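Asker: Sequence first, predicted model second:
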Amino acid sequence: MGAGAGLSGKLAVVTGASRGIGRAIALRLAADGAEVAVHYNAGAEAAAAVVAAIAGAGGRAFALQADLGAPDGVDALVAGLGSRAVDILVNNAGISPKLTFGQASPADFDLVIGVNLRAPFFIVQGLLANLRDGGRVINISSMGTRAVYPAMAVYAPAKAGLEALTRILAVELGKRGITVNAVSPGATATDMNERARDPVIAAQIAQTVALGRVGQPEDIADIVGLLASEDGRWITGQVIDASGGQRL
């Protein structure tokens, strides 16, 4: 990871940045020159390792803890940033318990909707005064909003709501020059998706992907990097499929 200058002087907040796609996004934005707030819930050591990796490459970062599934989680995140100006907000944190329609309880529903939809909604609302004009909001969705996976009975509707919110915010914040987009990964080899990390299952999944392999966290991070950059200035209100052409 080499330090870049494209995002120099900017602060990026990445939720769920201690592992997986969030970690890759944090490393990418730091490599492009941004200072990164590495949000985490329970993975303090993992978040510290991300901060150390960024610092070791000549970048700047700090860890920020908040449980986005708790009633006061968003308030804790916003308070942790204080009055700092935010240039890039990446709503990446999410939970995806395998729940079919018949299995999901009201408590399951509330938690999944809470982390995947409610939290991004109120994080943006809570940071309105912090977000700089001309900034970026990037929401991480899922290809589960366009392809049916029965075990995503709550997760997929939550992400569909996040995509609708993306379009609403693109109009709401557009007057300030802030772009708002969503990125929808397909099968990506992270600890949240054990199937995509299993060589045998990954090979089977790859047969459904136009580009012939499962995704890697860096594949998603590079798309976020584009949207966060000056080159992404004329893209807003979009849901960008980042699946390599899975289940077309």
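Answerer: That came through fine.
Asker: How are the strands of this protein distributed by residue range?
Answerer: Assigned strands in the chain, in chain order: 11-14, 35-40, 61-65, 86-91, 131-140, 179-185, 239-242 (criterion: DSSP state E).
Asker: Need the winner for burial among the ones you listed.
Answerer: Of all the strands of the chain, strand 11-14 has the most neighbours on average by mean count of other CB atoms under 10 Å, namely a mean of 29. Heads up, the C-betas are built off the backbone N, CA and C, glycines and all.
Asker: Adjacent strands (with direction) for that one?
Answerer: strand 35-40 (parallel), strand 86-91 (parallel) (DSSP bridges).
Asker: Name the surrounding residues that touch the last one.
Answerer: Contact partners of strand 86-91, identified using CB atoms under 8 Å, 6 or more residues apart in numbering, comprise 7, 10-15, 17, 22, 25, 29, 34, 119-120, 123-124, 127, 130-132, 135-140, 162, 224, 228.
Asker: starting at the chain centroid, how far to it?
Answerer: Relative to its chain's centre, strand 86-91 lies at 10 Å (CA atoms, centre = their mean, to the nearest Å).
Asker: what does the first one give?
Answerer: Distance of strand 35-40 from its chain centroid, counting by CA atoms, centre = their mean, is 12 Å.
Asker: Next, the angle from that strand to strand 61-65.
Answerer: 30 degrees (axes from the mean of the first three to the mean of the last three CA atoms, to 10 degrees).
Asker: ditto for the last one
Answerer: Computed by the same axes, to 10 degrees, the angle separating strand 86-91 from strand 61-65 equals 50 degrees.
Asker: so strand 86-91 versus strand 131-140, what angle?
Answerer: Comparing the axes of strand 86-91 and strand 131-140 via the same axes, to 10 degrees yields an angle of 20 degrees.
Asker: tell me the mean pLDDT over strand 86-91?
Answerer: For strand 86-91, mean pLDDT is 99.
Asker: how about the residue positioned nearest the centre of the chain, what does it touch?
Answerer: With distances taken as CA atoms, centre = their mean, residue 92 lies nearest the centre of the chain, 2.0 Å away. Residues in contact with residue 92, defined by CB under 8 Å, 6+ apart, are 14, 15, 16, 17, 21, 22, 25, 140.
Asker: and those residues as JSON lines, adding pLDDT and distance to residue 218?
Answerer: As requested, the contacts of residue 92 are arranged in JSON lines below (pLDDT from 0 to 100; distance: CB to CB, whole Å):
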{"residue": "14", "pLDDT": "99", "distance to residue 218": "14"}
{"residue": "15", "pLDDT": "98", "distance to residue 218": "18"}
{"residue": "16", "pLDDT": "98", "distance to residue 218": "16"}
{"residue": "17", "pLDDT": "98", "distance to residue 218": "14"}
{"residue": "21", "pLDDT": "98", "distance to residue 218": "9"}
{"residue": "22", "pLDDT": "98", "distance to residue 218": "12"}
{"residue": "25", "pLDDT": "98", "distance to residue 218": "9"}
{"residue": "140", "pLDDT": "98", "distance to residue 218": "14"}
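Asker: of those residues, closest to residue 68?
Answerer: For the contacts of residue 92, the residue nearest residue 68 by CB to CB is residue 15; the value is 6.8 Å.
Asker: Just list the residues touching the closest one, thanks.
Answerer: Going by CB under 8 Å, 6+ apart, the list of residues near residue 15 reads 22, 39, 68, 77, 90, 91, 92, 93, 119, 120, 123.
Asker: Need those residues in JSON lines (columns: distance to residue 104).
Answerer: JSON lines is the format used below for these (distance: CB to CB, whole Å):
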{"residue": "22", "distance to residue 104": "25"}
{"residue": "39", "distance to residue 104": "26"}
{"residue": "68", "distance to residue 104": "19"}
{"residue": "77", "distance to residue 104": "26"}
{"residue": "90", "distance to residue 104": "27"}
{"residue": "91", "distance to residue 104": "23"}
{"residue": "92", "distance to residue 104": "23"}
{"residue": "93", "distance to residue 104": "20"}
{"residue": "119", "distance to residue 104": "19"}
{"residue": "120", "distance to residue 104": "20"}
{"residue": "123", "distance to residue 104": "24"}
